[in-house]
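> Structural data only, the sequence is not supplied:
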């Protein structure tokens, strides 16, 4: 069975500082990986996804993520955070078939301080 | 840009009552899903639906739950007799097809269900 682990429950970063949110997956084959963001009271917005190919993927809002098979990781990064990035971030995975369910991690809450 | 819509945004009900949560997936999408997120917890899969039948369901999706696509646009989740522990945010999602690169799940804004 698939599982996704986000080791950090809560991260606080100063505005303008760099950010890295960790995500580890467990899956027998190469999973399809996603990062979603949930702003307070809002739904889930897709930031980026990895299906195959280049292991560094670019997303919206200046985010990027790197797939590392050797570490079973798919960490999300941003070089300089903005106050509007404060939100809950979810890593998710699914198998190769397009209709498979997503398995989510527990989420990382990001707080931005001035 | 097309988006998944859900109504209502917030539903309050008494324990034991039936509720129907409504979703309008993105048109021309083929697969539909319901997920839920209990406050402070992770998003959990409930059920997937394709070609007018359930493709997969989780252990959460017991006999109290049902899904339906009553017409060409709506996708509903019914809870027959709500319990306190059904209080959660319910998300609908849809995805286009089995074509790699296009089969991303797009989520609606959610319906917050509060059972009193």
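Here it is on my side, so go on. Since the model is a prediction, treat every value here as computed from it, not as a measurement.

> quick one: the strands in chain B?
Applying DSSP state E to chain B gives strands spanning B:5-7, B:10-13, B:19-24, B:31-37, B:43-50, B:53-57, B:65-68, B:75-79, B:88-95, B:106-107, B:111-115.

> again with chain A
Ranges of strands within chain A are A:3-5, A:10-14, A:19-21, A:24-26, A:32-38, A:44-50, A:56-58, A:64-68, A:73-78, A:87-94, A:103-104, A:108-113, based on DSSP E.

> could those strands go into TSV alongside mean neighbour count and mean pLDDT?
All C-beta spots, glycine's among them, are computed from the backbone N, C-alpha and C. Formatted as TSV, these follow (neighbours: other Cβ atoms under 10 Å in any protein chain shown; pLDDT from 0 to 100):
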stretch	mean neighbour count	mean pLDDT
strand A:3-5	16	93
strand A:10-14	13	97
strand A:19-21	18	97
strand A:24-26	17	93
strand A:32-38	23	94
strand A:44-50	20	93
strand A:56-58	14	95
strand A:64-68	18	95
strand A:73-78	20	97
strand A:87-94	23	94
strand A:103-104	22	94
strand A:108-113	16	96
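
> need those strands in CSV with distance to chain B, can you?
Shown next, in CSV, are these (distance: least, Cβ to the nearest Cβ, whole Å):
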stretch, distance to chain B
strand A:3-5, 9
strand A:10-14, 12
strand A:19-21, 15
strand A:24-26, 14
strand A:32-38, 7
strand A:44-50, 4
strand A:56-58, 12
strand A:64-68, 14
strand A:73-78, 15
strand A:87-94, 6
strand A:103-104, 4
strand A:108-113, 10
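
> of the ones you listed, which approaches residue B:45 most closely?
Among the strands of chain A, strand A:103-104 comes nearest to residue B:45, with 7.3 Å by Cβ to Cβ.

> Pull up the pairing partners for the closest one, direction included.
strand A:87-94 (antiparallel) (DSSP bridges).

> the inter-axis angle of the strand it pairs with versus strand A:32-38?
For strand A:87-94 against strand A:32-38, the angle by axes from the mean of the first three to the mean of the last three Cα atoms, to 10 degrees is 160 degrees.

> Identify the residues contacting strand A:87-94?
A:2, A:4, A:6, A:21, A:23, A:25, A:27, A:31-40, A:44, A:47, A:74, A:76, A:100-105, A:107-110, B:42-43 (Cβ atoms under 8 Å, 6 or more residues apart in numbering or on different chains).

> Sounds good, over and out.
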